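coords please:
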Amino acid sequence: MEQKVIRELTTSEIFERLDEEKKQLTKLKLNHAVSPLENPNKISAYRKTIARLQTELRSRDLRGEQINKVIK
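Predicted coordinates:
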């Protein structure tokens, strides 16, 4: 996911995507531990996407926007 696409998301959408990406990363890591993945670079791609999402949340926080994580 590109940074400019992330910037267009709302804060709540970013939190949803972040949770989903973390779940997918955990699932990939477990699958890779059991049997090697065809493309282990996917793990790196998920980690980078998570970092991009967290960076956007942090930049919004520094700009003074209201950041409230909705707890389910």
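
every contact and neighbour count from this point should use C-alpha atoms.
OK.

could you dump stretch 47-66 to PDB, C-alpha only?
Output of stretch 47-66 as PDB, limited to C-alpha atoms (Å, rounded to 0.1, in the frame of the first residue of the first chain):
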ATOM      1  CA  ARG A  47       5.900  -5.200   8.000                       C
ATOM      2  CA  LYS A  48       6.500  -2.100   5.800                       C
ATOM      3  CA  THR A  49       2.800  -1.500   5.400                       C
ATOM      4  CA  ILE A  50       2.300  -1.700   9.100                       C
ATOM      5  CA  ALA A  51       5.100   0.800   9.600                       C
ATOM      6  CA  ARG A  52       3.500   3.200   7.000                       C
ATOM      7  CA  LEU A  53       0.200   3.000   8.800                       C
ATOM      8  CA  GLN A  54       1.700   3.700  12.200                       C
ATOM      9  CA  THR A  55       3.800   6.600  10.700                       C
ATOM     10  CA  GLU A  56       0.600   8.200   9.300                       C
ATOM     11  CA  LEU A  57      -1.100   7.900  12.700                       C
ATOM     12  CA  ARG A  58       1.900   9.500  14.400                       C
ATOM     13  CA  SER A  59       2.000  12.300  11.900                       C
ATOM     14  CA  ARG A  60      -1.700  13.000  12.400                       C
ATOM     15  CA  ASP A  61      -1.100  13.000  16.200                       C
ATOM     16  CA  LEU A  62       1.800  15.500  15.900                       C
ATOM     17  CA  ARG A  63      -0.400  17.800  13.700                       C
ATOM     18  CA  GLY A  64      -2.900  17.900  16.500                       C
ATOM     19  CA  GLU A  65      -5.700  15.900  15.000                       C
ATOM     20  CA  GLN A  66      -7.800  14.000  17.400                       C
END
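
buried residues, it. List them.
Thr49, Ile50, Arg52, Leu53, Glu56, Leu57 (16 or more other Cα atoms under 10 Å).

chain center to that stretch: distance?
10 Å (Cα atoms, centre = their mean, to the nearest Å).

go on, stretch 29-46?
A distance of 16 Å separates the centroid of the chain from that of stretch 29-46, by Cα atoms, centre = their mean.
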